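Engineer: what shape does this take:
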Amino acid sequence: MEHSWIDAAKKAVEAPDYAERVYAGMLGKVIGVYLGRPFEGWHYDRIQRELGDIEYYVHDRLGVPLLVTDDDIAGTATFIRAAADSGRGYATTAQDVADCWLNYLVEGRSVLWWGGMGNSTEHTAYLRLKDGVPAPQSGSIALNGKTVAEQIGAQIFIDGWAMIAPGAPELAAELARRAGSVSHDGEAIYGAQLLAAMESAAFETSDIDRLLDIGLGVIPGNSIIATMIADIRAWHRAEPDWRVARAKLDERYGYDIYGGNCHIVPNHGLIVLALLYGGGDFSRSLSIVNTGGWDTDCNSGNLGCLLGIMHDLDGIDAGPDWRGPVADRIYVPTADAGAGITDVAIEAMRLVNMARSAVGLPCLSPKGGARFHFSFPGSVQGFVAQGNGAVENVPLPDGSGRGLLLRGAGSVEITTATFIPPEARNMPGYSLDASPTIYSGQELTIAYLLGDDAAGDAISVAPLVRFYGDDDELDVVTGPEQQAAVGRNLIGWTIPALDGRPIVEVGLVARSRAARPIRLMIDSVGWSGTPTERFQRPGVNGRMWRRAWVDNLDEQSRGWPESFRLIADSHERRLMMTGTREWQDYAVEATLTPHMADATGVAARVQGLERYYLLRWDQTGELQLIKRAYADEVLASTSLPWTLETPATLRLEVEGDDLRGYVDGELRLTARDAGGYADGGIGVACEYGRVGCDAVTVRPVRAGLQDDPSADSVPDAGETRTGSLDPVGK
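Structural biologist: Down below sits the predicted model:
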């Protein structure tokens, strides 16, 4: 790794506008994907015939939702995590990225197009990795053939690598090569490298010809990609009509020339063509690249990211309202269960801190690490106002940053999603597998300001959460109401017990006397603390309580008397998981009944399918404390006979570096793992067979506690410190 590359990246990371440009790049990616997704795979002729030129979102005309799960967004936000998980930053290897695939991908369900061996390039590479083939051999032409290896996937996932290596195009290209080579080779890698170099350089220049020259400088001059770009530049100089150039591209480099399902060459060419003919204008360029057809969401997403970095938020905001319908919302369904419901600001800040860590700078933590900090101009992080209210991102009057201005009259609610919202329960295409981000027992904190102009108004504010109740209808519980005072106010509320029903939204309700105007500024929203939750079949009808768990089980039957029935059809360990990476010290407990199973157990600090601690008990009578890091490391073990069909209560406590394993209330194993996993959710495991489970409990650790943890409960609705559990609407 050349020191000059890292020095250049550090200089760019230290620039005052770096974080905002990353946010703009990620936002441009998301807008581009949502714009192109409804007609993905259409040819130019069909688009012209059925839709005309694409100048704004068309999802409503095609009867599909705007906000969807999409491999382009999820893969971009997921595979970059190899830089943090490996701890290697810019030294991240292809195998580190491959490990990231194995950890976060739920086979057949998340991120990839699971089109089969030899048909889907990414699925082919995944199966190679599962068979033990290392990266980059897993994606090589030598192993998979030229057609499979040169499809588009290496390019669509590389934006994150460019954004953590700003101002260092050679470094960005090298990272893109390593990441892309897990699944691709040849021209696919060249396209990814060129685009990554351009995005990295776009932090410092918006000159299109300069960017293309920089990109061409990192790939072979005799490559098809380089030759095609030379042709497109020549067409652009000679021909003012982009449609004529598109026809030339189709004739010389189109799908009829390059085989497979979605080849890199024609799609990369359309990105370059739209960039040149759009002149760098965000709206014009996205119109051309989407009207041009082929892999519209991929091409539009990559180009949107480049343009977002080039011209920052001003470029996105110069055209129609691209941001309002999106409201920053994205879905990233993976085996990191609690990370599935997220937003552009969260993912952008994750990238910013990866870059800062890689160059030796401390991480940023806006507003004390609040989940919703609204620091980026225009960012609403999914918050929308109900009824007659309106919300917008504005500077705070006390000069402390930015926040959300809530306006309305009478009674106004503002909320954001924390779990799968009703409109996303039956997602077309990729399913939305995710766990809630907030749970009973955690403390919700809302900071808000009331301006001097509201001194005469009687405004009260109360926190609220919505949850899935009977028949999966939404119920609401509100916290204690407080009278707002002029200046800065703070609400703290411990979320009450909800009988295992998942929380869908979090927010607040503001009320004014005699329908007087409401003008309230929300500074930040967040939550903290260890949950106290008992997960089981609630006393209501519905299915969303079960969907709060992400799993890779072969079967997760719903009609059985126990709350959870885990089934594994092979000797591979299967998990069901819930919780978030914010959980640190806690105890997880489950009463498990093994039915013809090789092993079962409870897991803590789960960070995916390959990173967790496990209290494992197997049929041979061996009880183990295991650290899973792509292979099992036994930290402690003992002999303890078990009997099939006999329930046993397993409890795993994690506290700092210490782990403690209990069976039926008796401490059996202890271990210490210095510098190990510090955070993560919970899980239940099954190996080759069937395991029944009536309930899973998570709660704070109490030193020396060895009694029944079910005695510990979340404050119920009758306790005044938690507010009312009376439903106020559906």
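Engineer: sheet partners, orientation included, of the top strand by length along the chain?
Structural biologist: Using DSSP state E, we find that the single longest strand of the chain is strand 681-699. Applying DSSP bridges, strand 681-699 is found paired with strand 533-536 (antiparallel), strand 564-578 (antiparallel), strand 586-595 (antiparallel), strand 599-606 (antiparallel).
Engineer: most tightly packed of these?
Structural biologist: strand 599-606 (a mean of 27; mean count of other Cβ atoms under 10 Å). The way it works is simple: take the backbone N, C-alpha and C, and place the C-beta from them, glycine included.
Engineer: right, and the helix or strand after that one?
Structural biologist: strand 611-618 (DSSP states H and E).
Engineer: what's in contact with that following strand?
Structural biologist: 85, 103, 575, 598-606, 623-630, 640, 642, 648, 650-652, 654, 659, 661, 663, 669, 673, 676-677, 680, 683, 685, 687 (Cβ atoms under 8 Å, 6 or more residues apart in numbering).
Engineer: repeat that with 7 Å
Structural biologist: 103, 598-606, 623-629, 642, 650, 652, 654, 659, 661, 677, 680, 683, 685 (Cβ atoms under 7 Å, 6 or more residues apart in numbering).
Engineer: what does stretch 242-261 give?
Structural biologist: So stretch 242-261 is contacted by 44, 147-148, 151, 228, 231-232, 235-236, 239, 263, 265-266, 269-270, 273, 277, 288, 292 (Cβ under 7 Å, 6+ apart).
Engineer: from those, which would you call buried?
Structural biologist: Among the contacts of stretch 242-261, the ones that count as buried by 16 or more other Cβ atoms under 10 Å are 44, 147-148, 151, 228, 231-232, 235-236, 263, 265-266, 269-270, 273, 277, 288, 292.
Engineer: what's the local residue count around the closest residue to G601 other than its chain neighbours?
Structural biologist: Excluding the flanking residues, the one nearest G601 by Cβ to Cβ, 6 or more residues apart in numbering is R616, at 3.9 Å. Counted with other Cβ atoms under 10 Å, residues neighbouring R616 total 25.
Engineer: follow-up on the earlier one: how far away from the center of its chain is the longest strand of the chain?
Structural biologist: How far strand 681-699 lies from its chain's middle: 24 Å, per Cα atoms, centre = their mean, to the nearest Å.
Engineer: which residues does D159 contact?
Structural biologist: Here D159 is in contact with 25, 29, 76, 199, 302, 305 (criterion: Cβ under 7 Å, 6+ apart).
Engineer: okay, those in CSV with secondary structure next?
Structural biologist: Converted to CSV, these look like this (DSSP: H, G, I helix; E, B strand; the rest coil):
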residue, secondary structure
G25, helix
K29, helix
T76, helix
E199, helix
N302, helix
C305, helix
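Engineer: from those residues, which two are the most distant?
Structural biologist: Greatest spatial distance in these: T76 and E199, 11.5 Å, computed using Cβ to Cβ.
Engineer: ok, how many other residues are close to L490?
Structural biologist: Neighbours of L490 (other Cβ under 10 Å): 11.
Engineer: what helices or strands is the helix or strand hosting it leaning on?
Structural biologist: Per DSSP H and E, L490 falls inside strand 487-494. The contact analysis (3 or more Cβ pairs under 7 Å, 6 or more residues apart in numbering; DSSP states H and E) places strand 487-494 against strand 443-450, strand 459-468.
Engineer: thought A385 was touching S411?
Structural biologist: No. Counting by Cβ atoms under 7 Å, A385 stays clear of S411, with 11.2 Å between them.
Engineer: what stretches of the stretch 551-700 of the chain score poorly on pLDDT?
Structural biologist: Within the stretch 551-700 of the chain, the segments meeting pLDDT under 70 span 556-559.
Engineer: could you report the pLDDT at the nearest residue to T296 once chain neighbours are set aside?
Structural biologist: Among residues not flanking T296 along the chain, G36 sits closest, at 3.3 Å (Cβ to Cβ, 6+ apart). The per-residue pLDDT reported for G36 equals 97.
Engineer: okay, now G36: neighbour count?
Structural biologist: Applying other Cβ under 10 Å, I find that G36 has 30 neighbouring residues.
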